[in-house]
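Chemist: all I have is the shape, not the residue letters:
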């Protein structure tokens, strides 16, 4: 994350110092401060309400998470679906411990990138939290190059999710899709990473919702040239964390995440990242 902060700072300063453009620098400053705040996270707790477009329409979910950033450790619970997930880097063969509190009530060890955990999910548990959001925004903006500052607008201060926020809008006027021919041993995820684009949007565009393995070489896919067409961010002016993120593609709203009850950098007892912790039911 520190790399992306430095990269954006250098680009913003270079453009501004040359006087190439005279756009308002406030959105660039807010985004840079947001990235800096995310880069200094050690632990975070939050509640998030997610709305995601899937093959069957929009799906909403509410979950509560606690995360230790380095090494990555997380506990996730969805009270509505009665689902608990624990992931600890280097433990349980680097698989997630998953307990559905519905029939058959069996604790499972699953790959976070496998089809069971990815079905109808835009992201894996590896992307849960603010650090992935920061990297995504940094990459999306940095791809704009000379249009970087033109793509950002500072709308003003607004209350969102109980926080007083800076509202910043990112808009890509060049968002589109290009044809890509799949090479040997490529997956949707590796292709998305190759072009720094949204994994699930790539699946959505090409009807690859259930394809988590290698795609047949020579297959032609429609790949987005930018991560999104539009992004709306509400950034808490105190913590400088994004408490609401809405992502749009060419069809409209693609995903929205609203964060509540954020607790930043309060130490988490290591016992809370074990299956035996007293409040868990694995």
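Modeler: Great, that's in hand. In this text, all values refer to a predicted model and were calculated from it rather than measured experimentally.
Chemist: tell me the bridge partners for residue 62.
Modeler: Under the criterion DSSP bridges, residue 62 forms beta bridges with residue 49.
Chemist: correct me, but it touches residue 81?
Modeler: No. The pair residue 62 and residue 81 fails to qualify as a contact (Cβ atoms under 8 Å) at a distance of 9.4 Å. In this view, the C-beta of every residue, glycine as well, is placed from N, C-alpha and C.
Chemist: low-confidence stretches in the stretch 101-250 of the chain?
Modeler: Across the stretch 101-250 of the chain, the stretches falling below the confidence threshold (pLDDT under 70) are 144-149.
Chemist: now with 90?
Modeler: Across the stretch 101-250 of the chain, the stretches falling below the confidence threshold (pLDDT under 90) are 101-106, 113-122, 124, 131-152, 172-174, 189, 192-199, 209-214, 226-227.
Chemist: at which residues are the strands of it located?
Modeler: The residue ranges that make up the strands of the stretch 101-250 of the chain, judged by DSSP state E, counting those that start in this stretch, are 108-110, 152-160, 163-171, 177-181, 220-224, 230-236, 242-249.
Chemist: what is the orientation angle of the fourth one with strand 220-224?
Modeler: Put simply, strand 177-181 runs at 140 degrees to strand 220-224, going by axes from the mean of the first three to the mean of the last three Cα atoms, to 10 degrees.
Chemist: so what touches strand 177-181?
Modeler: Counting by Cβ atoms under 8 Å, 6 or more residues apart in numbering, strand 177-181 makes contact with 191, 195, 205, 218-225, all of which sit outside it.
Chemist: and the residue nearest to residue 152 when sequence neighbours are not counted, what does it touch?
Modeler: Distances taken as Cβ to Cβ, 6 or more residues apart in numbering put residue 27 closest to residue 152, at 3.8 Å, once the chain neighbours are dropped. For residue 27, the set of contacting residues under the criterion of Cβ under 8 Å, 6+ apart consists of 149, 152-154, 168-169.
Chemist: quick one on the thing from earlier: scan the contacts of strand 177-181 and report the most crowded one.
Modeler: Note: the member of the contacts of strand 177-181 with the most neighbours is residue 224, at 23 neighbours, neighbours being other Cβ atoms under 10 Å.
Chemist: so that one is in contact with residue 172, correct?
Modeler: No. No contact is recorded between residue 224 and residue 172 when judged using Cβ under 8 Å, the distance being 9.7 Å.
Chemist: before we move on, the earlier item: check the contacts of residue 27 and tell me the two furthest apart.
Modeler: Greatest spatial distance in the contacts of residue 27: 149 and 169, 12.8 Å, computed using Cβ to Cβ.
Chemist: ok, the two, which is more surrounded?
Modeler: Taking other Cβ under 10 Å, residue 149 and residue 169 do not tie; residue 149 has more neighbours (21 against 15).
Chemist: how close does residue 59 get to residue 210?
Modeler: Distance of residue 59 to residue 210, computed by Cβ to Cβ, to the nearest Å: 16 Å.
Chemist: and those two? Which one has more around it.
Modeler: The neighbour count for residue 59 versus residue 210, taken as other Cβ under 10 Å, is higher for residue 59 (14 against 11).
Chemist: the more buried one falls within a helix, correct?
Modeler: No. Counting by DSSP: H, G, I helix; E, B strand; the rest coil, residue 59 is not found in a helix; it is strand.
Chemist: pretty sure it sits against residue 120.
Modeler: Yes. Applying Cβ under 8 Å as the test, residue 59 and residue 120 come out as touching, 6.1 Å apart.
Chemist: got any residues that touch both of those two?
Modeler: Counting by Cβ under 8 Å, 6+ apart, the shared contacts of residue 59 and residue 120 are residue 52.
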